[in-house]
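>>> Got a predicted model here, sequence first, then my questions.
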Amino acid sequence: MEALSVDKIPAGAEWQYEPKWDGFRCIAFCNGKKIDLHSKSGQALGRYFPEVVTGLGELDAGNFVLDGEIVIPGNDGFSFDALLQRIHPAASRVARLSKETPAIFVVFDLLAFGNDSLLGKPLRERRKLLEKFSSKYFDKQNTVRLSPFTNEVSRAHKWLAKAGFVLDGIIAKRIDLPYMSGTRDGMQKIKNYRSADCVIGGFRYATGRRVVGSLLLGLYDRDGLLNHVGFTSGIAEAERKSLTAKLEPLIAPPGFTGSAPGGPSRWNTGKAAEWQPLKPVLVVEVSYDHISGDRFRHGTRILRWRPDKKPKQCTMDQMKQQGTKTAELLTIPRKTLRKSSR
């Protein structure tokens with residue numbers, strides 16, 4: 001299951017709320033002592049987090065499947081940078097970091113136990129089974145932890161106030177629905193900022209310099225076409241040279257297969273029109289403040305690179321927002337609308 005990004009925490013008896021942890025989403029498949037960890041995109045994660053594999057093996061719970069988040073605790077919350085350091089080909093480095101900055105697996109769903117699949121059961125039942133499972137097995141070690149939840153929207157708002165510091169936001173889940181893999185129905189995410197995972201479909205050089213000036217962002221539509229949806233130019237000066245060296249070997253047409261970047265900005269005629277198309281292999285998470293149509297209205301800010309996500313997972317449905325509806329605007333007095341339109 002994936003979550004739809006919304007502006008407000010939904011309220012109602014059909015919802016439960018959980019912290020949104022700042023880590024790698026992970027499904028753990030455990031068959032006795034055989035442990036397999038997979039990211040949302042199906043990539044194997046076990047070799048990068050051997051301490052989590054060991055911790056799951058110590059549960060001694062037979063066959064089970066858990067849904068959760070791999071995180072690395074730091075002094076001030078969780079460190080996503082420390083997670084990125086783990087995605088490294090050198091086994092010796094991974095082994096050293098697993099001891100220096102050990103990861104934990106925060107579990108929020110039980111998908112199978114023994115010979116029984118739990119996917120068809122509603123969340124309220126799966127959560128009860130998960131709590132029984134955790135009370136019996138998780139207390140034996142500290143690597144696997146149970147994620148808290150609440151049915152109180154007031155408490156969820158208190159958690160959201162910590163987003164950006166301890167948490168990444170809040171997840172709201174429908175307790176009456178089964179586990180629906182591959183959809184954003186029944187699960188919503190709320191942050192203190194809006195973010196989207198985008199494919200880098202191209203870049204522009206900085207004016208008068210052979211270094212990256214801005215990255216061109218893309219999302220896939222239902223037809224599988226990569227559409228240009230905006231840009232980000234908030235690249236640290238110290239990183240431009242190394243980023244240029246990373247991107248130039250990936251230059252290859254067409255870059256965007258749907259809507260493509262246009263020419264120079266009409267507000268800045270000195271801005272270069274030329275852009276370099278890239279192979280669609282790099283994913284970056286960006287924050288933004290407004291969407292107009294199917295594009296970010298303003299430039300975005302880079303939050304982090306996402307090597308754990310496949311480009312094809314970066315789809316246009318991330319642009320869906322639950323904002324003010326026309327019916328709500330009609331409730332505003334006409335004289336207020338006239339005054340605001342002047």
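Yep, that arrived. None of these values were measured; they are calculated from a predicted model.

>>> what stretches of the chain score poorly on pLDDT?
76, 140-141, 164-166, 263-273, 321-342 (pLDDT under 70).

>>> Outline the domain layout of it.
1-21+148-192, 22-146, 194-319 (automatic domain parsing).

>>> Could I get those in TSV, plus columns for mean neighbour count?
Bear in mind the C-beta positions are built from the backbone N, C-alpha and C, glycine included. Shown next, in TSV, are those (neighbours: other C-beta atoms under 10 Å):
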stretch	mean neighbour count
domain 1-21+148-192	17
domain 22-146	17
domain 194-319	17
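
>>> which element follows the lengthiest helix in the chain toward the C-terminus?
Longest helix in the chain by number of residues (criterion: DSSP state H): helix 123-137. Per DSSP states H and E, the first helix or strand lying C-terminal to helix 123-137 is strand 144-146.

>>> Against which helices or strands is whichever helix or strand comes after that next one packed?
Next helix or strand after strand 144-146 toward the C-terminus (DSSP H and E): helix 153-160. Judged by 3 or more C-beta pairs under 8 Å, 6 or more residues apart in numbering; DSSP states H and E, the packing partners of helix 153-160 are strand 15-20, strand 169-174.

>>> what are the pairing partners of whatever helix or strand comes next after the last one, and which direction each?
By that I understand strand 169-174. Note on strand 169-174: by DSSP H and E, the next helix or strand toward the C-terminus is strand 187-190. Strand 187-190 has its sheet partners listed here by DSSP bridges as strand 4-5 (parallel), strand 169-174 (antiparallel).

>>> Relative to Pro311, which of those is closest?
strand 4-5 (18.6 Å; C-beta to C-beta).

>>> quick revisit: to Thr54, which of the helices and strands packed on helix 153-160 lies closest?
strand 15-20 (24.8 Å).

>>> What lies in contact with that closest one?
9, 108, 123-124, 127, 147-153, 155-156, 159, 163, 167-175, 189-191 (C-beta atoms under 8 Å, 6 or more residues apart in numbering).

>>> Could you pull up phi and psi at the closest residue to Thr315 other than its chain neighbours?
With sequence-adjacent residues excluded and distances taken as C-beta to C-beta, 6 or more residues apart in numbering, Thr315 is closest to Tyr220, at 5.1 Å. Per-residue torsions, Tyr220: phi -90, psi 140 (degrees, to the nearest 10).

>>> Thought Asn227 was touching Tyr220, still the case?
Yes. Between Tyr220 and Asn227 there is a contact under C-beta atoms under 8 Å: 7.5 Å.

>>> At which residues are the helices of the chain located?
Under DSSP H, the chain gives helices at 50-57, 80-86, 91-100, 123-137, 153-160, 237-247, 326-329, 334-340.

>>> Dump those to a markdown table, plus distance to Asp197.
Formatted as a markdown table, these follow (distance: least, C-beta to C-beta, whole Å):
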| stretch | distance to Asp197 |
| --- | --- |
| helix 50-57 | 23 |
| helix 80-86 | 13 |
| helix 91-100 | 24 |
| helix 123-137 | 24 |
| helix 153-160 | 21 |
| helix 237-247 | 18 |
| helix 326-329 | 29 |
| helix 334-340 | 35 |
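
>>> Surely Arg127 is in contact with Lys173?
No. Contact criterion C-beta under 8 Å: Arg127 and Lys173 do not qualify, at 9.1 Å.

>>> List the residues that contact Asp289.
Asp289 neighbours (C-beta under 8 Å, 6+ apart): Tyr193, Arg194, Arg297, His298.

>>> Now with 10 Å, please.
Tyr193, Arg194, Phe296, Arg297, His298, Gly299, Thr300, Arg301 (C-beta atoms under 10 Å, 6 or more residues apart in numbering).
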